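>>> Need a 3D model of the sequence below.
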Amino acid sequence: MRERLTRVQEHLKRVRASERVLDEQVAHLDELAAEAETRRLVARTPLADREWQQARTDLDRHAALLEEARRKEEGLLVERDRLLERLLELEGPS
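As a prediction, this is how the structure comes out:
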């Protein structure tokens, strides 16, 4: 039981580290997409439109990865809490 709890905790640490990186990437890509949209609106050229579409695609992809990491974190927290409760039940009252 403790071994499973340790594995869940290690996985949770990795997911949280990935989430922090993705959060920074999403913020950066959001800025790039906003700049590309401004260029698209001002330039009104096919190239500016493609650059904006690519920036949006990158932003959307990373935002989806961030959301997936957050869902994994939530699931791991639920699993960790369940394991802790079971461990406490097995150890009995102190």
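>>> Looking only at residue counts, what's the top helix in this structure?
helix 46-91 (DSSP state H).
>>> Which other helices and strands does that one contact?
Applying 3 or more CB pairs under 8 Å, 6 or more residues apart in numbering; DSSP states H and E, we find helix 46-91 packed against helix 2-43. Every residue, glycine included, has its C-beta placed from N, CA and C.
>>> Grab the nearest non-local neighbour of the residue nearest to the spatial centre of the chain.
With distances taken as CA atoms, centre = their mean, the chain has L66 as the residue nearest its mean C-alpha position (2.3 Å). Spatial nearest neighbour of L66, excluding adjacent residues (CB to CB, 6 or more residues apart in numbering): L22 at 4.2 Å.
>>> per-residue confidence at that neighbour?
On pLDDT, L22 comes in at 98.
>>> before we move on, back to that, would you mind measuring from the residue nearest to the centre of the chain to R20?
L66 sits at a distance of 10 Å from R20 (criterion: CB to CB, to the nearest Å).
>>> if we can go back for a sec, mind listing what the residue nearest to the centre of the chain touches?
Going by CB atoms under 8 Å, 6 or more residues apart in numbering, L66 touches E19, L22, D23, V26.
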